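J.: the sequence and its predicted three-dimensional model are supplied below.
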4 protein chains.
Amino acid sequence: MGKTDENKLLKRNALLNAAYELFTGKGIHKTSISDIVERSGIAKGTFYLYFLDKYDLRNKLIVHKAGELFIQAEKALENTNYTVLEDRIVFFVEYIVDYLTENKTLLAFLTKNLSWGIFKEHLGKQTQMTEEGEIDFQWVLKTIFEQSPQKFKDPELMIYMIIEFVGSTVYSAILYQEPVDIQTLKPYLIRTVRFMIQDQEIIL
Amino acid sequence: MGKTDENKLLKRNALLNAAYELFTGKGIHKTSISDIVERSGIAKGTFYLYFLDKYDLRNKLIVHKAGELFIQAEKALENTNYTVLEDRIVFFVEYIVDYLTENKTLLAFLTKNLSWGIFKEHLGKQTQMTEEGEIDFQWVLKTIFEQSPQKFKDPELMIYMIIEFVGSTVYSAILYQEPVDIQTLKPYLIRTVRFMIQDQEIIL
Amino acid sequence: MGKTDENKLLKRNALLNAAYELFTGKGIHKTSISDIVERSGIAKGTFYLYFLDKYDLRNKLIVHKAGELFIQAEKALENTNYTVLEDRIVFFVEYIVDYLTENKTLLAFLTKNLSWGIFKEHLGKQTQMTEEGEIDFQWVLKTIFEQSPQKFKDPELMIYMIIEFVGSTVYSAILYQEPVDIQTLKPYLIRTVRFMIQDQEIIL
Amino acid sequence: MGKTDENKLLKRNALLNAAYELFTGKGIHKTSISDIVERSGIAKGTFYLYFLDKYDLRNKLIVHKAGELFIQAEKALENTNYTVLEDRIVFFVEYIVDYLTENKTLLAFLTKNLSWGIFKEHLGKQTQMTEEGEIDFQWVLKTIFEQSPQKFKDPELMIYMIIEFVGSTVYSAILYQEPVDIQTLKPYLIRTVRFMIQDQEIIL
DNA sequence: GATGAATGAGCCTTCATTCAT
DNA sequence: GATGAATGAAGGCTCATTCAT
């Protein structure tokens, strides 16, 4: 990587980090581009060399943050001995719920911004840069389902329902303990997720 | 009601209606107060006699629209013979899903704005004016659960999970047929809702 | 006084009092007519039955407050045995300085608003309603100078210089003890006032 | 000075000049920021790059204008042979009175806005840029009093009384010839100033 | 006389975006 | 590529004043 390219990456990251702090701190709508460049110590005009506008930056930030989280969960999963797909999915869900319970800022950012649309479009299609290389989520998911001895009627629908259910349900419980705290919610959550999976399973 | 009060109600409704059209049309953030008063044919200053700002209006609009919808579903439910609570809830959910399928504008408005917080705070505590009188949702729900022979571990949690699950899941299916269309989704939806209820049921 | 007239006076006074509190509290420019009528519990439209606008009210308030103060000082003077005009003026000045030292709100209001122009126009020409009747300051001053055995080159100029000097000098000393406190300032003040008087005196 | 810095100074001065004309023309409260930028031919947003608001601009304008005047009076004083401090002060006062008599706009602006507080805070502490360099008024005054063979009880109080007396007294006389014109007032003014000085002088 | 809902002109301020340096 | 001063459209909001009741 040349010195120029390195410098470019530094600038880009400075903008992303400043934006993440501001978005989670006072919300995206009260964050101006002036705020972002001021906090990152970069000139205003430079912003436009890296992003189209505030929302372009946000989208890239979501993909970045959600990708990191999924990669971590994936790695953790690989260190387990779970082989049954249902167990693997439940582990994955639990890992993410626990992680978000520890990291409320990330939770707030993701639930306000992550949608199935963005998930499919970016996390699914694009490849993710990791330290070990790249991950293609679409491909990973496909592989997982193909390799599994259990078969499902509509895997994508199943994933969709789980993501939406967990995502929408977890937010208020973690942040406000409303209507119950996350520890109380979790057993119901897990059981429901297991039901969703079994409901889709094709019994041979 | 005096002529003045009548006129005030007219103005308030004109603002609410104009705002609803604009919010659903181009989104709340691209809708300015100028837009709202212009469309409703009311002077700008008058806006501030009825609402604190755009977001105050939005909150009142959500409560109004969601209230209407719930009252309708409630009425329809009363015309059925369902007595088992599980069946009543499922009917309620199906009614709302069907209604939102027909009325995509309302769907878009509600799913983008309705949260458990607003539901609890407004729909729960305040009473709703209807043509036949007022409805206190908190009280209605409480009564329903008390009168039911079936008992549940945590009724509020159950309602919460159902609302969040249905609300988050239905949006993309109805509007974009993604990942599947609503008719495909519905059976899974209903089965999962039934599971959630049974999972909370106390077996005597 | 009829019941209607009585009511009118009540309303007028309510407005004057509310305005005085607001003007001294947050300044005239940050006080709106809405503020005044709200605090006085009177309808907005009614304001315009009594005053042309905020500044009309202010002028009437100044005349009212300054008049009260001068009448008090005048009364106190009559209870003394001072006969020499110089002594009488000095007593008058000291009385007012002491009074304003005790009543900083009035001081702030008057020094920010009272000018020679208003003094001449209103306190001089108009008559003041008191409990014992009316006082015409112009006439009082004229009489005082005519009755005095001491004669002065230009009595009006003398009064002007004393008022402006004392008025401008006393404010910062009382309120902020800057550059010195009022007790330190007073001897110099008095001596200078005496000089101003002597400088105008015609020695026969 | 680079081209950019030069341009910035031009913009700033254009705003200051436009504001001065408007403030003296129709008063600060009837002058809007829109008026100022319109007259100076500068975009509205640019105003906020240089000043916080209308009042921030006014304060900087007062300091600027009063500073100019004092520097001129100081220069004129240096061209005289007056050595006795009393004579030097009297010359200074007369110079300023004469100057303001010729320049009624400046008079109106300064008497409405200049106060002892601003004088102390800005003219006293900060240094003034002149063509020949900078002047520190605090230091100049201190030096003058230290070098003078005559000593005074409280030099600051003396200056305060003179400034307030002259400032408050001169306005109406110059602008409205009320209660007398400035030429009639001047002898009394000067005599009183001389008295104030002598009254503070320490006779050895 | 009294009311207060309604008005709409006009203010301050922010901000995404541009472009000369 | 990087900068940041300049722009001006657009938004939120206030408020003196009017007038039908």
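T.: Yep, that arrived.

J.: first to last residue in stretch A:45-55, what's the distance?
T.: End-to-end distance of stretch A:45-55 (CA to CA, to the nearest Å): 17 Å.

J.: so what's the gap between it and the chain middle?
T.: Relative to its parent chain, stretch A:45-55 has a centroid offset of 23 Å by CA atoms, centre = their mean, to the nearest Å.

J.: which residues are in contact with it?
T.: Here stretch A:45-55 makes contact (CB atoms under 8 Å, 6 or more residues apart in numbering or on different chains) with A:Lys11, A:Arg12, A:Leu15, A:Ala19, A:Ile28, A:Thr31, A:Ser32, A:Ile33, A:Ile36, A:Val37, A:Leu57, A:Lys60. Where C-beta positions appear, they are placed from N, C-alpha and C, glycine not excepted.

J.: for the last one, what are its contacts?
T.: Shown here is A:Lys60, whose contacts under the criterion CB under 8 Å, 6+ apart are A:Leu16, A:Phe51.

J.: model confidence for it, exactly?
T.: pLDDT, A:Lys60: 90.

J.: now do it against chain B, distance only.
T.: 20 Å (CB to the nearest CB, to the nearest Å).

J.: for DNA strand F, see how far away that residue is.
T.: A:Lys60 sits 16 Å away from DNA strand F, going by CB to the nearest atom of the strand, to the nearest Å.

J.: swap in A:Gln150?
T.: The value you get for A:Gln150 to DNA strand F, if CB to the nearest atom of the strand is used, is 49 Å.

J.: quick check: the gap between that residue and A:Val140.
T.: 17 Å (CB to CB, to the nearest Å).

J.: measure the residue most central in space within chain A to A:Phe137 for me?
T.: Centroid-nearest residue in chain A: A:Ala66, 2.3 Å away (criterion: CA atoms, centre = their mean). Here A:Ala66 is placed at a distance of 10 Å from A:Phe137 (CB to CB).

J.: what of A:Lys44?
T.: 35 Å.

J.: same check, this time on A:Asn7
T.: Using CB to CB, A:Asn7 is found at 30 Å from A:Phe137.

J.: who has more neighbours, these two?
T.: Taking neighbours as other CB atoms under 10 Å in any protein chain shown, A:Asn7 and A:Phe137 compare with A:Phe137 leading, 21 against 11.

J.: test my guess that that one contacts A:Ala73.
T.: No. Taking CB atoms under 8 Å as the definition, A:Phe137 is not a contact partner of A:Ala73, at 11.5 Å.

J.: restrict the contacts of stretch A:45-55 to those near DNA strand E?
T.: A:Ser32, A:Ile33 (CB under 7 Å from any atom of the strand).

J.: how about the contacts of stretch A:45-55, which pair is most distant?
T.: A:Lys11 and A:Ile28 (20.7 Å; CB to CB).

J.: that older thread, output the contacts of stretch A:45-55 as a markdown table; include the columns secondary structure and distance to C:Pro187.
T.: Conversion of those to a markdown table gives the following (DSSP: H, G, I helix; E, B strand; the rest coil; distance: CB to CB, whole Å):
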| residue | secondary structure | distance to C:Pro187 |
| --- | --- | --- |
| A:Lys11 | helix | 69 |
| A:Arg12 | helix | 72 |
| A:Leu15 | helix | 67 |
| A:Ala19 | helix | 66 |
| A:Ile28 | coil | 66 |
| A:Thr31 | coil | 61 |
| A:Ser32 | coil | 59 |
| A:Ile33 | helix | 63 |
| A:Ile36 | helix | 62 |
| A:Val37 | helix | 61 |
| A:Leu57 | helix | 70 |
| A:Lys60 | helix | 75 |
